[in-house]
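Trainee: Just to be clear, the model below is a prediction. Sequence and coordinates:
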Amino acid sequence: MRTITADDDIAAAAPAKVRNRGQLVAMFSLPLLLLLGGLYLWLSSGGTVSTDNAQVNAHVVEVSSEVGGRVSDVLVSENQQVKKGDLLFRLDSEPYRIALLQAEAAVGNAELTVAQLQSVYHAKQADTQKSVSDVSLARDTFRRQQELLARGFTTRADYDAAKARLSAAQAQQASAASEAESAHAVLATRNGSHPQIDAAVAMRDKARFDLRRTEIRAPISGRISQADKLQPGTIAVQMLPMVNIVSNTGFWIDANFKETQLDKIRVGQRADIEVDAMPGRTIKGHVIGINAGTGGQFSLLPPQNATGNWVKVTQRVPVRIQLDEKLDRPLVAGWSAHVTVHVTKD
């Protein structure tokens, strides 16, 4: 039979102390963890607002032809990168080239017409000067006949004939002066140019401008979209969009927050963006604007809350987020995103 010693008592008591210490640690650690978790939630609550109702947006330009015609050449394809000023497509220029030739001929005709009017005016001036001479001669003849009649050296018939010739010369002078005035009025100029020539020149310039517009060039740099409908032989209708260009710069995020989330959102606050097409990456940005109206307010048929069957629905307001990072790959307009805005606590 083994005798229990003092060392055996100490060895038996050691595991009991360890168990008691572990129970104490477990007993106090759980409330401590709950307390720390609650403190973290209290400190972080209200510090951010988030939404997954967000998408990537970019400037999209609808390219249309400013003149109508048949597409003759297409020089771009879907998703092709283009620079501002690059030629996108051409229209058949033959009708506009013919119109330009007609307009140039009209300018020549206008110049010829004005030259003829000037000749007529000069002729009328010459007639006016001749009529002045005729009146002067008729007046001298009449005066001589008048003196001779007073002294009895001429007949009454010669006197009357001289008087009639003077009256006829004066009438002819008045008529010539009137015709010269009319010819001068037709030649009236504006800033040194005749209106008829100005009108013809304006039509020629328009025809020349329309001919240049048969070549449609890119208004911005970006990527071609919806180019499948742009094919040779297609009829281009004036001002009807033919192809789109999505700008490859200036992307932003439109996050549609609930109206109840806007209380603490301010311009300039930091934002974290997670784009669905780029998993695992967080893009830094900041708030640059809050829309002045809800999305429904700018719809084709905005809601009329004054009606009797109105049902209150939480509205969403677009908040624009500017990206602060330069990305190594281009974004795509319309991509979905998740946005978290770091708001300031009161």
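Mentor: Structure received. Numbering: from 1, shown residues only.

Trainee: Using the record's domain definitions, break the chain down for me.
Mentor: Domain segmentation of the chain under automatic domain parsing yields 49-91+217-300+312-346, 95-209.

Trainee: Now the last one: average pLDDT?
Mentor: Across domain 95-209, the average pLDDT comes to 84.

Trainee: Save the domains of the chain as a markdown table, and put in distance to Leu33 and mean neighbour count too.
Mentor: The way it works is simple: take the backbone N, C-alpha and C, and place the C-beta from them, glycine included. Formatted as a markdown table, these follow (distance: least, CB to CB, whole Å; neighbours: other CB atoms under 10 Å):
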| stretch | distance to Leu33 | mean neighbour count |
| --- | --- | --- |
| domain 49-91+217-300+312-346 | 24 | 15 |
| domain 95-209 | 77 | 15 |
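
Trainee: Using a markdown table, lay out those domains together with distance to Leu34.
Mentor: Listed next are these as a markdown table, based on distance: least, CB to CB, whole Å:
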| stretch | distance to Leu34 |
| --- | --- |
| domain 49-91+217-300+312-346 | 23 |
| domain 95-209 | 78 |
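
Trainee: Among the ones you listed, which comes closest to Leu35?
Mentor: Nearest to Leu35, of all the domains of the chain, is domain 49-91+217-300+312-346, at 20.6 Å by CB to CB.

Trainee: still on that earlier bit, ok, which of the domains of the chain comes nearest Pro31?
Mentor: Closest approach to Pro31 among the domains of the chain (CB to CB): domain 49-91+217-300+312-346, 26.4 Å.

Trainee: report the longest helix in this structure, please.
Mentor: Secondary structure of the chain read by DSSP state H shows that its longest helix is helix 94-151.

Trainee: which helices and strands does that one pack with?
Mentor: The contact analysis (3 or more CB pairs under 8 Å, 6 or more residues apart in numbering; DSSP states H and E) places helix 94-151 against helix 156-186, helix 195-212.

Trainee: packing partners for the first one?
Mentor: Put plainly, it is helix 156-186. In terms of contacts (3+ CB pairs under 8 Å, 6+ apart), helix 156-186 is packed against helix 94-151.

Trainee: angle of the helix it packs on against helix 195-212?
Mentor: Calculated by axes from the mean of the first three to the mean of the last three CA atoms, to 10 degrees, helix 94-151 forms an angle of 180 degrees with helix 195-212.

Trainee: all strands of the stretch 201-346 of the chain, in order?
Mentor: 215-217, 222-225, 235-236, 241-247, 252-258, 270-275, 283-290, 316-323, 336-342 (DSSP state E, counting those that start in this stretch).

Trainee: mind putting those strands in TSV, distance to Phe153 included?
Mentor: TSV is the format used below for the strands of the stretch 201-346 of the chain (distance: least, CB to CB, whole Å):
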stretch	distance to Phe153
strand 215-217	90
strand 222-225	104
strand 235-236	92
strand 241-247	97
strand 252-258	111
strand 270-275	120
strand 283-290	109
strand 316-323	111
strand 336-342	120
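
Trainee: check contacts around the closest residue to His184 other than its chain neighbours.
Mentor: Excluding the flanking residues, the one nearest His184 by CB to CB, 6 or more residues apart in numbering is Tyr121, at 5.8 Å. By CB atoms under 8 Å, 6 or more residues apart in numbering, the contact set of Tyr121 is 180, 183-184, 186-187.

Trainee: again, but for Val67
Mentor: 91, 96, 210, 213-214, 236, 238.

Trainee: ok, of those residues, which one's closest to Ala150?
Mentor: Asp210 (78.5 Å).

Trainee: Could you pull up the contacting residues of the closest one?
Mentor: Asp210 neighbours (CB under 8 Å, 6+ apart): 67, 96, 99-100.

Trainee: cool, and Phe142?
Mentor: Phe142 touches 162-163, 165-166, counting by CB under 8 Å, 6+ apart.
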